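Have a look at this prediction, sequence included:
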Amino acid sequence: MKLRVFAIIAMLAIAAMFGVKPCAAQKRDPSTPEERGRAVNLTRFLEADPLNEKAPEARRWLMAWLGVVPDISVPVCQDFLKPLMQKDTNYSTELFAQSLYGSATFIIEHPDDANNYEAMYLAGVESTLRAYEFILKTKPKAKWPFLDELIEKRERGELDDYVREVLSKGKCKK
């Protein structure tokens, strides 16, 4: 199943690089308030309890919805969480996907700032860190030194500097 989720993320990343949404997105209406509310609720649920037995179903719904909804476009940038993309261990797939859900939630909650990529990416990284912190409570061996460093940056008030630095390297949509 992890490979399937990873494959979906990879397909969305490739599509995002070329500014393309899957064909179904061209044919459906914009997201409804109910769908957006569900997306926000599922994102918060996954931040608070990413290992819940209902979490895989929540991830499937979010990923499928993001793939077809025409009015919420989340650019995929691996650079913020690059070490997670290098190994399929310690919930790396789930944690990377969480950044997409967190970014989408930012767009939903701040529609006037939907083009503020720095804030959107920051929201995605923060969402990932919240999910990671929960995972560590129940699975302390699922450590990512890289994520621990990001938590330290967040605690020092430097996480936004990290996001700006990654954006300044020019590889992500800004």
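That came in fine, so what should we check first? Numbers count the residues shown, from 1 in each chain.

which sections of the protein are below the confidence cut-off?
Scanning the chain for pLDDT under 70 picks out 1-26, 174.

in it, which spans are strands?
For the chain, applying DSSP state E gives no strands.

what residue of it is the furthest out?
Lys27 (24.5 Å; C-alpha atoms, centre = their mean).

how close does that one get to Pro75?
Distance, Lys27 to Pro75, by C-beta to C-beta, to the nearest Å: 22 Å. C-beta: built from backbone N, CA, C; applies to glycine.

same check, this time on Glu126
17 Å.

coming back round to it: what residues are up against the residue farthest from the centre of the chain?
Contacts for Lys27 (C-beta atoms under 8 Å, 6 or more residues apart in numbering) come out as none.

Could you measure from it over to Val68?
9 Å.

for Gln98, same thing?
Gln98 is 20 Å from Val68, by C-beta to C-beta.

Which of those two has more residues huddled nearby?
Remark: of Gln98 and Val68, Gln98 carries more neighbours, 28 against 15, as counted by other C-beta atoms under 10 Å.

Please name the residues that touch that one.
Thr43, Leu46, Glu47, Pro50, Gly124, Ser127, Thr128, Ala131.

and which of these is nearest Arg164?
Gly124 (14.3 Å; C-beta to C-beta).

these two touch, right, the closest one and Ser99?
Yes. The pair Gly124 / Ser99 is scored as a contact, 3.7 Å apart, by C-beta atoms under 8 Å.

can you list residues touching both of these two?
With C-beta under 8 Å, 6+ apart, Gly124 and Ser99 have common neighbours Phe80.

Break down the chain into its helices, ranges please.
2-17, 23-27, 33-48, 55-68, 82-85, 92-109, 117-138, 145-155, 159-168 (DSSP state H).

Check the ones you listed for me and report the most buried one.
Stretch with highest mean neighbour count among those: helix 92-109 (a mean of 24; mean count of other C-beta atoms under 10 Å).

send the alpha carbons of it over as PDB?
Extracted in PDB, the C-alpha atoms of helix 92-109 (Å, rounded to 0.1, in the frame of the first residue of the first chain):
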ATOM      1  CA  SER A  92       8.200   8.600   5.200                       C
ATOM      2  CA  THR A  93       5.400   8.300   2.600                       C
ATOM      3  CA  GLU A  94       2.800   9.300   5.100                       C
ATOM      4  CA  LEU A  95       4.800  12.200   6.400                       C
ATOM      5  CA  PHE A  96       5.600  13.600   3.000                       C
ATOM      6  CA  ALA A  97       1.900  13.300   1.900                       C
ATOM      7  CA  GLN A  98       1.000  15.100   5.100                       C
ATOM      8  CA  SER A  99       2.800  18.200   3.800                       C
ATOM      9  CA  LEU A 100       0.500  18.200   0.800                       C
ATOM     10  CA  TYR A 101      -2.600  18.000   3.000                       C
ATOM     11  CA  GLY A 102      -1.200  20.800   5.200                       C
ATOM     12  CA  SER A 103      -0.600  23.000   2.200                       C
ATOM     13  CA  ALA A 104      -4.100  22.300   0.800                       C
ATOM     14  CA  THR A 105      -5.600  23.100   4.200                       C
ATOM     15  CA  PHE A 106      -3.700  26.400   4.200                       C
ATOM     16  CA  ILE A 107      -5.200  27.200   0.700                       C
ATOM     17  CA  ILE A 108      -8.700  26.400   2.000                       C
ATOM     18  CA  GLU A 109      -8.400  28.400   5.200                       C
END
